[in-house]
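Novice: All I have is the shape, not the residue letters:
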Ligand code: S3P
């Protein structure tokens, strides 16, 4: 399916983005590992999360959606031997977190995914999980692969990458390991697993090593819990971007997760001169929530600090698109991880921006975009997204403010994280149409 975005003037109004993807995966997985009932409100009903729902069913949990749209998970307090293949679809989070969780039980499971997931590195979880005592068969440490779980021992693991997926895999395995399990990462990645493990009653705390705090878990029995999933800031990023670059726009994006480890894009945008404010801050669920109030802004190019990368790792594509409408150079560095996401996001963003007439340059670990202000972007291109949902949404937002329409291919993949994206944006006044 192809979608075309055209300029249609300002966006206005208020809307609530779909539930946070990271929290949704974790609610289903912890619900399955727990004893008793977990009720989840606001779960993201997108393809990636549905892959996790299917997977935890295969591992023995009962998962149902009630008439009010709440998801009920009846966990068995453990994962059991599945019969079929665990198909993680496009989702790295499903794959890596479930490999960690499965490692702690006496079972063998075959994991697979789509063409994109089959290319993504799994060694980053295979290595620590092997040290803990799990075994893996794989041709090249990628999907498809088999995990053989069993008795594990706790480790202190120094991850080379700041990755919440690696951290979560190790901590979930640590729930069934002898002794304690500690995960050290260069910069802190999103901490939803740690926060939610505490809500489910796990023995989790933080330990100081090398002047920083790192999560530590001990073998624990989890108890079912009530979870509310706030709106996803990574999805909110798209209407926020559109409001900033389209003159006279004014929007309120409601009920958004504002965990500081997810706010790197908004911090960067504030430095660029964006008018964004957080209103009605609240914390009803162990995760902070707020409404984002955004209006059209004059933006300057920026170089976000490298240490901020984990807090905005999914938002670099949309930052690159926004940068085309800023004045001056935006330099993204220290973001080599972008090459092993759902696609190589560095190459794809640079190619697409150039096709739209934007001055963009590829770096080994990032990219440079030289912007010339609002109304400077030509557009008029068809973008090859390689099935990457965030690349597709980024170019549709760019098309909303370009002189000529922008078309993206494989737009059905947007459903992996933001089902109803076109209707959501149309509700605010965008002109996005299926071709
Ligand atoms: C996620 C962690 C990040 C992020 C992904 C979701 C998570 O991946 O890019 O979209 O839910 O833990 P990495 O751990 O590979 O950085």
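Specialist: Happy to help now that I have it. Keep in mind the model is a prediction, meaning the values are calculated, not measured.
Novice: need the contact list for residue 336.
Specialist: Residue 336 is in contact with 364, 365, 366, counting by CB atoms under 8 Å, 6 or more residues apart in numbering. Placement of C-beta: from N, CA and C, glycine included.
Novice: ok, it to the ligand distance?
Specialist: Using CB to the nearest ligand atom, to the nearest Å, one obtains 12 Å as the distance from residue 336 to the ligand.
Novice: Scan the contacts of residue 336 and report the most crowded one.
Specialist: With neighbours taken as other CB atoms under 10 Å, the top of the contacts of residue 336 is residue 366, carrying 24 neighbours.
Novice: Now that that residue has come up, it's in contact with residue 345, right?
Specialist: No - contact status for residue 366 versus residue 345: not in contact, 10.2 Å apart, counting by CB atoms under 8 Å.
Novice: what's the overlap in contacts for these two?
Specialist: Taking CB under 8 Å, 6+ apart as the contact rule, residue 366 and residue 345 both touch 316, 338.
Novice: taking the contacts of residue 336 one by one, which sit in helices?
Specialist: In helices, judged by DSSP state H, none of those are found.
Novice: need those residues in CSV with pLDDT and distance to residue 125, can you?
Specialist: Shown next, in CSV, are the contacts of residue 336 (pLDDT from 0 to 100; distance: CB to CB, whole Å):
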residue, pLDDT, distance to residue 125
364, 98, 24
365, 98, 22
366, 98, 25
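Novice: Excluding covalently adjacent residues, which one is nearest to residue 103?
Specialist: Using CB to CB, 6 or more residues apart in numbering and skipping residues adjacent in sequence, the residue nearest residue 103 is residue 134, 3.7 Å away.
Novice: so who does that neighbour touch?
Specialist: For residue 134, the contacting residues are 103, 104, 147, 148, 149, 150, 152, 173, by CB under 8 Å, 6+ apart.
Novice: Over to residue 415?
Specialist: 46, 47, 389.
Novice: let's see it at 10 Å
Specialist: Going by CB atoms under 10 Å, 6 or more residues apart in numbering, residue 415 touches 1, 45, 46, 47, 48, 50, 90, 389, 421.
Novice: Show the buried residues in those.
Specialist: The neighbour count (16 or more other CB atoms under 10 Å) marks 45, 46, 47, 48, 50, 90, 389, 421 as buried among the contacts of residue 415.
Novice: From residue 86, how far off is the residue nearest to residue 103?
Specialist: Distance, residue 134 to residue 86, using CB to CB, to the nearest Å: 15 Å.
Novice: just residue 381 next, same as before
Specialist: As judged by CB to CB, residue 381 and residue 86 stand 38 Å apart.
Novice: what does residue 80 give?
Specialist: 13 Å.
Novice: Give the residues shared as contacts by those two.
Specialist: Here residue 80 and residue 86 have 58, 59 as joint contacts, going by CB under 10 Å, 6+ apart.
Novice: Quick one: end-to-end length of stretch 293-302, please.
Specialist: Using CA to CA, to the nearest Å, one end of stretch 293-302 lies 22 Å from the other.
Novice: if we can go back for a sec, from the contacts of residue 336, which land in strands?
Specialist: residue 366 (DSSP state E).
Novice: which of the contacts of residue 336 are close to the ligand?
Specialist: Among those, no residue sits close to the ligand (CB under 6 Å from any ligand atom).
Novice: wait, which of the contacts of residue 336 is closest to residue 334?
Specialist: Closest approach between the contacts of residue 336 and residue 334, by CB to CB: residue 365, at 5.8 Å.
Novice: From the ligand, how far out is that closest one?
Specialist: Per CB to the nearest ligand atom, residue 365 is found 14 Å from the ligand.
Novice: which parts of the stretch 101-250 of the chain sit against the ligand?
Specialist: 163, 164, 165, 168, 190.
Novice: Please check these and keep the buried ones.
Specialist: Among these, the ones that count as buried by 16+ other CB under 10 Å are 163, 164, 165, 168, 190.
Novice: can you redo those as CSV with secondary structure and pLDDT?
Specialist: Shown next, in CSV, are those (DSSP: H, G, I helix; E, B strand; the rest coil; pLDDT from 0 to 100):
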residue, secondary structure, pLDDT
163, coil, 98
164, helix, 98
165, helix, 98
168, helix, 99
190, coil, 98
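Novice: Distance from the chain centre to whichever strand or helix holds residue 244, please.
Specialist: Using DSSP states H and E, residue 244 sits in helix 233-245. How far helix 233-245 lies from its chain's middle: 15 Å, per CA atoms, centre = their mean, to the nearest Å.
Novice: Show me what whichever helix or strand comes after that helix is packed up against.
Specialist: Once the chain leaves helix 233-245, the next helix or strand it forms, by DSSP H and E, is strand 250-257. Packed against strand 250-257 by the contact rule (3 or more CB pairs under 10 Å, 6 or more residues apart in numbering; DSSP states H and E) you find strand 12-15, helix 233-245, strand 275-282, strand 289-295.
Novice: Perfect, that will be all.
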